[in-house]
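K.L.:
below is the structure, and that's it, no one-letter string:
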Ligand SMILES: Nc1ncnc2c1ncn2[C@@H]1O[C@H](COP(=O)(O)OP(=O)(O)O)[C@@H](O)[C@H]1O
Ligand SMILES: Cc1cn([C@H]2C[C@H](O)[C@@H](COP(=O)(O)OP(=O)(O)O)O2)c(=O)[nH]c1=O
């Protein structure tokens, strides 16, 4: 079973995934992430740091996804393990759908077409949702660089549209709840679906 965790910067994904290590330990899941599960992530980090052009950055994110699938996700699924990924293909559709606006016509359709021949669609996707103002408050306390509020609003709008279009795959998570409640809810839902 392939489970993905999505949401805007500061929505609590890393914190949630950290909690899932303990909460799901008996299921022995492979807990992984995009970008950065393989060395290709280093190229992505560099492109983010150097503010490269949006097409180059997008294609590096896609390369990171391809390497993640080939070297981590597919082998783990073949071994019968549950895979939980902090960000996955929907991050591209939501974020690069915004960054490629005005650069490539209909970017989300293009992004889906680029992924379709080689990606694996997740069985279950948790979307952490909270007001952008709250995410920014959390991020300000934590780090220097993050997307600006206007971009995050548009990214979250994309995510919510994807969730409406695929209600059987997406589960909305109230990211304003305390960390333990978020983790408990997600862990219970993964156990229920894994049966
Ligand atoms: N449920 C929560 N309630 C309050 N603060 C949270 C919650 N989850 C995470 N945080 C805090 O918000 C900040 C961003 O969380 P993080 O997990 O890094 O988000 P993301 O990985 O989605 O960017 C961190 O400082 C974290 O401690
Ligand atoms: C995986 C992915 C991430 N991103 C963005 C989201 C973040 O702003 C940045 C780094 O991702 P990440 O390290 O997951 O940041 P965070 O912990 O805040 O969620 O890259 C994309 O734009 N496209 C993608 O496909």
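P.N.:
All right, it came through fine. The shown structure was predicted, so the numbers you read here are calculated from the model rather than taken from an experiment. Ligands and ions are numbered 1, 2, ... in the order given.
K.L.:
got the contact list for residue 5?
P.N.:
Going by Cβ atoms under 8 Å, 6 or more residues apart in numbering, residue 5 touches 13, 16, 17, 84, 85, 86, 87, 125, 126, 128, 186. (Each C-beta comes from the backbone N, C-alpha and C, glycine too.)
K.L.:
need the pLDDT of it.
P.N.:
pLDDT for residue 5: 98.
K.L.:
would you agree it falls within a strand?
P.N.:
Yes: assignment of residue 5 by DSSP: H, G, I helix; E, B strand; the rest coil places it within a strand.
K.L.:
which pLDDT value belongs to the residue nearest to the spatial centre of the chain?
P.N.:
When Cα atoms, centre = their mean is applied to the chain, the residue found nearest the centroid is residue 87 (1.8 Å). On the pLDDT scale, residue 87 is placed at 98.
K.L.:
next one: residue 142
P.N.:
pLDDT recorded at residue 142 is 64.
K.L.:
about what we covered before: so what's the residue nearest to the centre of the chain closest to, chain neighbours aside?
P.N.:
Distance criterion Cβ to Cβ, 6 or more residues apart in numbering; nearest residue to residue 87, sequence neighbours excluded, is residue 34 at 4.4 Å.
K.L.:
which parts of this protein are strands?
P.N.:
Along the chain, the stretches classed as strands by DSSP state E are 2-7, 30-33, 83-86, 124-129, 170-174.
K.L.:
distance to ligand 1 added to these, as a markdown table?
P.N.:
Formatted as a markdown table, the strands of the chain follow (distance: least, Cβ to the nearest ligand atom, whole Å):
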| stretch | distance to ligand 1 |
| --- | --- |
| strand 2-7 | 6 |
| strand 30-33 | 9 |
| strand 83-86 | 7 |
| strand 124-129 | 7 |
| strand 170-174 | 9 |
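K.L.:
nearest to residue 111, of the ones you listed?
P.N.:
Set against residue 111 and scored by Cβ to Cβ, those come closest in strand 2-7, at 14.4 Å.
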